[in-house]
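# for reference, the sequence and a predicted model appear below.
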Amino acid sequence: WDRRPLSVWRYRELLPVTIKPVSLQEGGTPLYHLERLGEELGLPHLYAKHEGMNPTGSFKDRGMTVGVSMALQLGMKSVACASTGNTSASLAAYAAKGGVPAVVLLPAGKVALGKVAQALMHGAKVIAIRDNFDRALELVRELCIKHGIYLLNSVNPYRLEGQKTIAFEAVDQLGDVPDRFVLPVGNAGNISAAYKGLRELEGLGFIDRLPMMTGIQAAGSQPVVQAVRGSLPEVVPQTNPETVATAIRIGAPVNAEKALTAIRATGGTAAAVTDEEILSMQRDLARKEGIGVEPASAASVAGIKKLVEEGAIDRDERIVCVVTGHLLKDPETVIKQCPSPIEIEATEQALLSVLHL
Ligand code: F0G
């Protein structure tokens, strides 16, 4: 075991694939100690697991290497998903590697540019529907049932099998169980997958306690947070979700019940962060830690900031925040926040002048 490199397939005995996997060398992502931000927040043990460092720039690759491998193992001839962007980019790439055609349904006008670019370039059939993600998922589920296409959203259990390796790696890298595991929540697949992974580690005797599972949503799209904080027995879907973090713009998360179990069974919690808090943390991660993430990913760390300010968490905790996707996924949101480059004549004088030298 110890000689196997850190990757999804390091844990192959705990995965359902028996054929040679369709792999682009996913997983093995860095776990960064956020020293500067942690000091500012008074959290000496704050870490970020940068899932943007996967082959297509998001954690979805962990699910897709297993999901597309299973599609082939089961003899399926085509694959499909609905997506807020990252799932489609990842499916397109793994379908290309596996040699199967892919169809992806996106909410028209609400997917970050980099993600659409990836889905198109990797050769998926890209369909933009004039409605939101929740409707796209309903449509693609019907399509797959009626036409024998293999559905690769997180309702597919094999996707979650791949994604559970996020938790395996974090424990491997930290050398211990973190006290708290923090994830941005959209369709709630990833937090459910991480919890499953942790339960398996516990069952196998590798760890003896579970981290407090903590889910963060955007204020404009927070059905899971409302259930956790309002103590509703279950999640009430939201009809018009809206947030700058388009990756988690989801009102009716399909894995909501599993997420609630994960949070409640571990004494975890949930929090909602505003778009401003998300963007501010995106800048802080970029400028204080050198870590470039997309808005949805900054939500996990923004949520911890909020919880610590509310006095809801202990400052001595060892906290792992999963940052789920790369900065370059959504260049438009980045450019909007930053000043334009300073354009000058190509002379030394002009250069010195703008640098006030
Ligand atoms: N962060 C990013 C960057 C995402 O793309 C997603 C989900 C999440 C967090 C939330 O994960 O859905 O498992 O709770 N993106 C999906 C997609 C919905 O279609 O790419 P979740």
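That came in fine, so what should we check first? Residues are numbered from 1 along each chain as shown.
# from now on I want contacts and neighbour counts done on CA atoms only, so please keep to that.
OK.
# list, one by one, the residues from the stretch 151-300 of the chain near the ligand.
The stretch 151-300 of the chain comes close to the ligand at residues Pro184, Val185, Gly186, Asn187, Ala188, Gly189, Asn190, Ala247, Ile248, Ala296, Ser297, as judged by Cα under 6 Å from any ligand atom.
# can you name every helix or strand that the host helix or strand of the last one contacts?
The one in question is Ser297. Using DSSP states H and E, the element containing Ser297 is helix 295-309. Contacts defined by 3 or more Cα pairs under 8 Å, 6 or more residues apart in numbering; DSSP states H and E place helix 295-309 against strand 180-184, strand 212-218, strand 269-273, helix 275-288, strand 319-323.
# can you redo the residues of the stretch 151-300 of the chain next to the ligand as TSV with pLDDT and neighbour count?
Formatted as TSV, those follow (pLDDT from 0 to 100; neighbours: other Cα atoms under 10 Å):
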residue	pLDDT	neighbour count
Pro184	98	30
Val185	98	34
Gly186	97	30
Asn187	96	27
Ala188	97	25
Gly189	97	25
Asn190	98	28
Ala247	96	28
Ile248	97	29
Ala296	98	30
Ser297	98	31
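# hmm, back to that, distance to Pro21 added to the helices and strands packed on helix 295-309, as JSON lines?
What follows is the helices and strands packed on helix 295-309, written out as JSON lines (distance: least, Cα to Cα, whole Å):
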{"stretch": "strand 180-184", "distance to Pro21": "27"}
{"stretch": "strand 212-218", "distance to Pro21": "30"}
{"stretch": "strand 269-273", "distance to Pro21": "35"}
{"stretch": "helix 275-288", "distance to Pro21": "34"}
{"stretch": "strand 319-323", "distance to Pro21": "25"}
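# quick one: which of those is nearest Cys81?
Closest of the helices and strands packed on helix 295-309 to Cys81 is strand 180-184, at 20.1 Å (criterion: Cα to Cα).
# give me the next element, helix or strand, following that closest one.
With DSSP H and E, the next secondary element past strand 180-184 is helix 189-203.
# show me the shaky parts of the stretch 201-350 of the chain.
Where the stretch 201-350 of the chain drops to pLDDT under 70, the residues are 231.
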